[in-house]
Each structure stands twice: as C-alpha cells, then as structure tokens.
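Novice: With the sequence up front, the predicted model follows.
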Amino acid sequence: MVKTPDIDTVWQWLDQVPDPEIPVISLVDLGIVRDVAYQGDRVRITLSPTYSGCPATRVIEEDVRTAMRDHGIDQVIINQQISPPWTTDWMSDKGKAKLKDYGIAPPSAKGQPEACPICGAGAVSLVSQFGSTPCKAHWRCEECRESFDYFKCI
C-alpha cells in the first residue's frame, strides 16, 4: 500500500514548481497557492491567479498536476479562488528577494521600486505602466541607465 504524503510534504513539492513567467520564483513564494488539503483520496489545491485574466493560469494548473504526478499523486483537484483577490502582500520575503536577485524590482508599499534591482540606486523613473507581463511595469535607473521590470503592487 502506498503511503499518502502529508500536507507539509505536498507544500514542499509545490514550492519547487516555478512560475512560468518568472521561473526564479515558486508558486508558493508568489503566494498563489492558497490551500492544500485532502478530499477523500484526492489532493485539493486552491490557487489564486495574480490577475483574473492571467494568461499563465492554465499552464500553472498543468505544472501543478505534473508536479503531483511526478510524486505519485494522480488524483488532484484544482480550485481557482478569485475572492479575495490575490495581492502582492501574499508574496513571501524569500520570493521578493529572488525577484530582486533576478533583476525585477519587488513590489513596494510606495507603489514604485524602492531602488534599482541591478545597482541599488534610488533614482528610478517610470518608462511604461506596461511591462513584459501584465503584472509588471517597465522602469529605468537614472544611475546605471539600465531598464528593469517592477512587479506592480496589487
């Protein structure tokens, strides 16, 4: 008989699933995995997309299913929870640090980057509210002159 993994183990597995648009951050660190529970012999995973129209939603669901299958769990229920809506407050500090190390300014309560993620300078300016994905804006550092994405606060 196969032993059913505990919930903490399933969370650890989900923490290894990267976001398809920002592969340095896991779905758990991004804060979109809201709940993991057993429903009978099935694992029920609740996800909250960053945006209700997020183009990566279906890819994320398939990546979660694949991760569970890779660990021997074939019976998976995925719920989409849009209320309350996802917020950048749900991102982990570890995830925000990974964004910065990757060159993406993490969300800030100020509504703009605290500093350039490349050189650390505070003099930055908005280029466009529209970045490489809907959840990011395009900014530029006035010191190193590099452009970078800023993960918008929601």
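Specialist: Cool, the structure landed. Numbering: from 1, shown residues only.

Novice: How about Arg65: what's its closest non-neighbour residue?
Specialist: Nearest residue to Arg65, sequence neighbours excluded (C-beta to C-beta, 6 or more residues apart in numbering): Val76, at 5.5 Å. All C-beta spots, glycine's among them, are computed from the backbone N, C-alpha and C.

Novice: Would you list the phi and psi of the one you found?
Specialist: phi -130, psi 130 (degrees, to the nearest 10).

Novice: and the end-to-end length of stretch 20-33?
Specialist: One end of stretch 20-33 sits 14 Å from the other (C-alpha to C-alpha, to the nearest Å).

Novice: give me every residue that touches Asp70.
Specialist: For Asp70, no residue meets the contact criterion (C-beta atoms under 8 Å, 6 or more residues apart in numbering).

Novice: Angles on the backbone of it, please.
Specialist: Dihedral pair for Asp70: phi -60, psi -20, per degrees, to the nearest 10.

Novice: Would you state the helices of this structure in chain order?
Specialist: For the chain, applying DSSP state H gives helices covering 7-14, 27-30, 57-70, 93-102.

Novice: how about those in JSON lines, adding distance to Pro113 and mean pLDDT?
Specialist: Shown next, in JSON lines, are those (distance: least, C-beta to C-beta, whole Å; pLDDT from 0 to 100):
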{"stretch": "helix 7-14", "distance to Pro113": "28", "mean pLDDT": "97"}
{"stretch": "helix 27-30", "distance to Pro113": "18", "mean pLDDT": "97"}
{"stretch": "helix 57-70", "distance to Pro113": "26", "mean pLDDT": "96"}
{"stretch": "helix 93-102", "distance to Pro113": "10", "mean pLDDT": "96"}
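
Novice: Save the ones you listed as TSV, and put in distance to Thr50 too.
Specialist: Below are those laid out as TSV (distance: least, C-beta to C-beta, whole Å):
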stretch	distance to Thr50
helix 7-14	16
helix 27-30	7
helix 57-70	9
helix 93-102	12
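
Novice: I'd guessed Pro117 sits against Ser108; true?
Specialist: No: applying C-beta atoms under 8 Å, one finds Pro117 not in contact with Ser108, separated by 11.3 Å.

Novice: who's more crowded, the two?
Specialist: Taking Pro117 and Ser108 together and counting by other C-beta atoms under 10 Å, Pro117 has the greater number of neighbours (22 against 16).

Novice: quick one, what contacts the more buried one?
Specialist: The contact partners of Pro117, by C-beta under 8 Å, 6+ apart, come to Leu99, Lys100, Asp101, Tyr102, Gly103, Ile104, Ala105, Pro106, Phe148.
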